[in-house]
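*Asks:* Everything below, folded, please.
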Amino acid sequence: MIKHNNSLIYILLGIAVFLLFDFSLLFFFQQLNGIAFIQFILSAIFIVFSGIMLHFFIAARKKSDGLDEDQQRLQTLINSMVDFVNFKDGNGRWIEANDFGRRLFELEHVDYKGKKDSELANYTSFYNEALLYCEISDEETWKKGYITRCEEKIPLPDGETKTFDTIKVPLFHEDGSRRALVVIGRDITERVKAEKKLSDSQQQYKSLFDYNPDPVFMMDLHGNITNVNPKFRNITGSSHNQLSGVCISNFIADHEDRINLKRSIDYVKESKAGITSGDFRFNSVSDEVFLLSCTFVPILIDGEMAGIIGYAKDVTAMRETEAILRKTEKLSVVGELAASVAHEVRNPLTSLKGFVQLLKDNETQYQNYYSIMLSELDRINQIVSELLVLAKPQESHFKKHNLIQLLGDVTTLLEPEAAYYSSELLINAKKSIPPISCEANGLKQVFINIIKNSIEASSQHVWIDFDTKGDWVIMTIKDDGCGIEEDRVRHLGEPFYSSKEKGTGLGLTVSYRIIEAHKGKMTFQSEIGKGTEVQICLPIH
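*Replies:* Okay, here's the model as predicted:
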């Protein structure tokens, strides 16, 4: 608006000056001829034309000043950026580059404008290859015809490397010819380093988690599983999807263990500290029970609880070994006690039995008492014999024997006692059983102890089955007697532990020792009112 007013003022002022001049001549000379009038008209035209020219000149000057000012602003803007900014024409010649870009390629003192990357490569030996690659990369962007983005690595003289997130924007004329190329490269070196460090840390954690030989599981604050490692999946026999979101207590077999688990989780949440909680009985899909010793630690993110990690160790075999050691220690103590007591008892026992037998033969008045005394003396003698077996293991002579034949000898011996208790012995061999290397008398003693226990448990039937599985012969002795309480089953085989009124527990202790000497296994399953099942596994070879 101002530039229009200036031109108008100039024109009006010029015309006014000429009018004033001409009228001044008229006033002094009292004449105004045609030539003066024409001169006035020409002067006015000149004033108008020069005013118009002045108007366009001022406008052009202001436009030029405006462009220079915009150019300075743009230059200031791109030079203040910490990114590499480069403008190129349609032929790849540099039009403008900011200070950061020139410093990056060591071109601060080079007249770069109008030169291609391949030409600028001659000014720096270190970045020669990098600049040549830029020209190749530009050509790929031109061919694609759209904005491209990639990561480019630029080596530095100090041996380090800078990584740039580079964006290239191709611009085209309406006829499709190349117009210009804008290149913007953001330095993401620190971000890439941080991402690599994070990736390395995650891979280390993943390796520690996935390849840990012990079970590891993660839970939320409610005890629901969020992640498990392969070892935990193997123990439970479940897949990751089957475990995810399931409460960890669902895998705990014992009620007391569940209470202990909840107490441990609450402690970790309240104290934000780890705790070793002892052993837990975990159930697998196949109903196999594993004993896991667990430690719980908090997952803290920015000081806030995000979950709980459980580190477990399978101590099933360790606890079984400890139980065997304790049992062995007990047997050792019993053996030492038996060795010192049995011999001392047997000598006077022989004398007492002889005298009672003599009195029984010569006296008729107390025959009933003498019979009871002899029966009890026989029982004492039996206990002493079992003590001696524990005190001094008998030498074993292994030979090939058929178990069904050995069992036949035992059933012939026990059939009268079975008939006395109104019990029936039923033997079933599903298929031919191969002979095994064993000590015949020892196994007969085991069969007698087990079958006799079944008969005395008020059983109407005792089923004896044989089968083979792989390299094992499996003998199952099952009865329909009174059964045994669950908490007592785990104590079977301990010395002097018996559920029978007059039992010593030494029979099963000896039986366990004989089976172990044969590298076999013996397990018990029982339920009150439904009977007991004993399974004896012996290796064929």
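*Asks:* How about residue 164: which residues does it bridge to?
*Replies:* Taking DSSP bridges as the rule, residue 164 bridges to residue 152, residue 187.
*Asks:* Is it correct that it is in contact with residue 187?
*Replies:* Yes - counting by C-beta atoms under 8 Å, residue 187 is a contact partner of residue 164 at 6.0 Å. Yep, even glycine has a C-beta here, placed from its N, CA and C like the rest.
*Asks:* Mind listing the shared neighbours of these two?
*Replies:* residue 84 (C-beta atoms under 8 Å, 6 or more residues apart in numbering).
*Asks:* When the two are compared, which one has more neighbours?
*Replies:* Shown here are residue 164 and residue 187; by other C-beta atoms under 10 Å, residue 164 has more neighbours (21 against 17).
*Asks:* and that one, what does it touch?
*Replies:* 84, 151, 152, 153, 154, 185, 186, 187, 188.
*Asks:* buried subset of those residues?
*Replies:* Neighbour-count burial (16 or more other C-beta atoms under 10 Å) applied to these gives 84, 154, 185, 187, 188.
*Asks:* will you turn the residues you listed into CSV that also has distance to residue 528 and pLDDT?
*Replies:* Formatted as CSV, the buried ones among the contacts of residue 164 follow (distance: C-beta to C-beta, whole Å; pLDDT from 0 to 100):
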residue, distance to residue 528, pLDDT
84, 84, 84
154, 82, 83
185, 81, 86
187, 78, 85
188, 73, 86
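*Asks:* Can you tell me which of those is closest to residue 208?
*Replies:* residue 188 (28.9 Å; C-beta to C-beta).
*Asks:* Quick one: residues contacting the closest residue in space to that closest one that isn't next to it in sequence.
*Replies:* Excluding its sequence neighbours, the residue lying closest to residue 188 (C-beta to C-beta, 6 or more residues apart in numbering) is residue 165, at 4.8 Å. Residue 165 makes contact with 149, 151, 185, 186, 188 under the criterion C-beta under 8 Å, 6+ apart.
*Asks:* Let me see the contact set for the residue nearest the centre of the chain.
*Replies:* Centroid-nearest residue in the chain, with C-alpha atoms, centre = their mean: residue 229, separated by 3.5 Å. By C-beta under 8 Å, 6+ apart, the residues touching residue 229 are 209, 210, 212, 215, 216, 217.
*Asks:* can you give me the helices for the stretch 401-541 of the chain?
*Replies:* Taking DSSP state H, counting those that start in this stretch to define them, one finds helices in the stretch 401-541 of the chain at 403-420, 440-456, 486-489, 506-517.
*Asks:* Return the distance of residue 369 relative to residue 315.
*Replies:* 56 Å (C-beta to C-beta, to the nearest Å).
*Asks:* try residue 194
*Replies:* Distance, residue 194 to residue 315, by C-beta to C-beta: 41 Å.
*Asks:* Settle it for me: which of those two has more neighbours?
*Replies:* Per other C-beta under 10 Å, whichever of residue 194 and residue 315 has more neighbours is residue 315, with 17 against 11.
*Asks:* and the more buried one, what is it in contact with?
*Replies:* Residue 315 touches 279, 291, 292, 293, counting by C-beta under 8 Å, 6+ apart.
*Asks:* Of those residues, which is the nearest to residue 101?
*Replies:* residue 292 (61.1 Å).
*Asks:* Report the contact partners of that closest one.
*Replies:* So residue 292 contacts 215, 235, 279, 280, 282, 312, 313, 314, 315 (C-beta under 8 Å, 6+ apart).
*Asks:* So which of the residues you listed sit within helices?
*Replies:* Within those, residues falling in helices by DSSP state H are residue 235.
*Asks:* picking that back up, nearest to residue 302, of the helices of the stretch 401-541 of the chain?
*Replies:* Here helix 486-489 is closest among these (C-beta to C-beta), at 48.6 Å.
*Asks:* by contact count, what packs against that closest one?
*Replies:* strand 521-527 (3 or more C-beta pairs under 8 Å, 6 or more residues apart in numbering; DSSP states H and E).
*Asks:* Contacts made by the strand it packs on with the rest, please.
*Replies:* Contact with strand 521-527 is made by 446, 483-486, 489, 492, 511-512, 515, 532-537, as judged by C-beta under 8 Å, 6+ apart.
*Asks:* one step back: apply the buried test to the contacts of residue 292 and list what passes.
*Replies:* Burial by neighbour count, 16+ other C-beta under 10 Å: within the contacts of residue 292 this picks out 215, 235, 279, 280, 282, 312, 314, 315.
*Asks:* export those to TSV and tack on distance to residue 306 and pLDDT?
*Replies:* Shown next, in TSV, are those (distance: C-beta to C-beta, whole Å; pLDDT from 0 to 100):
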residue	distance to residue 306	pLDDT
215	21	88
235	25	82
279	27	86
280	23	87
282	24	85
312	20	87
314	27	85
315	29	84
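*Asks:* farthest-separated two in those?
*Replies:* The span of the buried ones among the contacts of residue 292, defined through C-beta to C-beta, is set by 235 and 279 at 14.1 Å.
*Asks:* now the strands for the stretch 201-350 of the chain?
*Replies:* In the stretch 201-350 of the chain, the segments counted as strands under DSSP state E, counting those that start in this stretch are 216-219, 225-228, 275-283, 289-301, 304-314.
*Asks:* Compare those and report which one is nearest to residue 353.
*Replies:* Per C-beta to C-beta, nearest to residue 353 of those: strand 289-301, 48.9 Å.
*Asks:* tell me how far that closest one is from the chain's mean position?
*Replies:* In terms of C-alpha atoms, centre = their mean, to the nearest Å, the centre of strand 289-301 is found 13 Å from the chain centre.
*Asks:* Where does pLDDT dip in this structure?
*Replies:* Across the chain, the ranges flagged by pLDDT under 70 are 1-82, 327-344, 346-347, 364, 379, 382-383, 385-396, 430-431, 489-491, 493-506.
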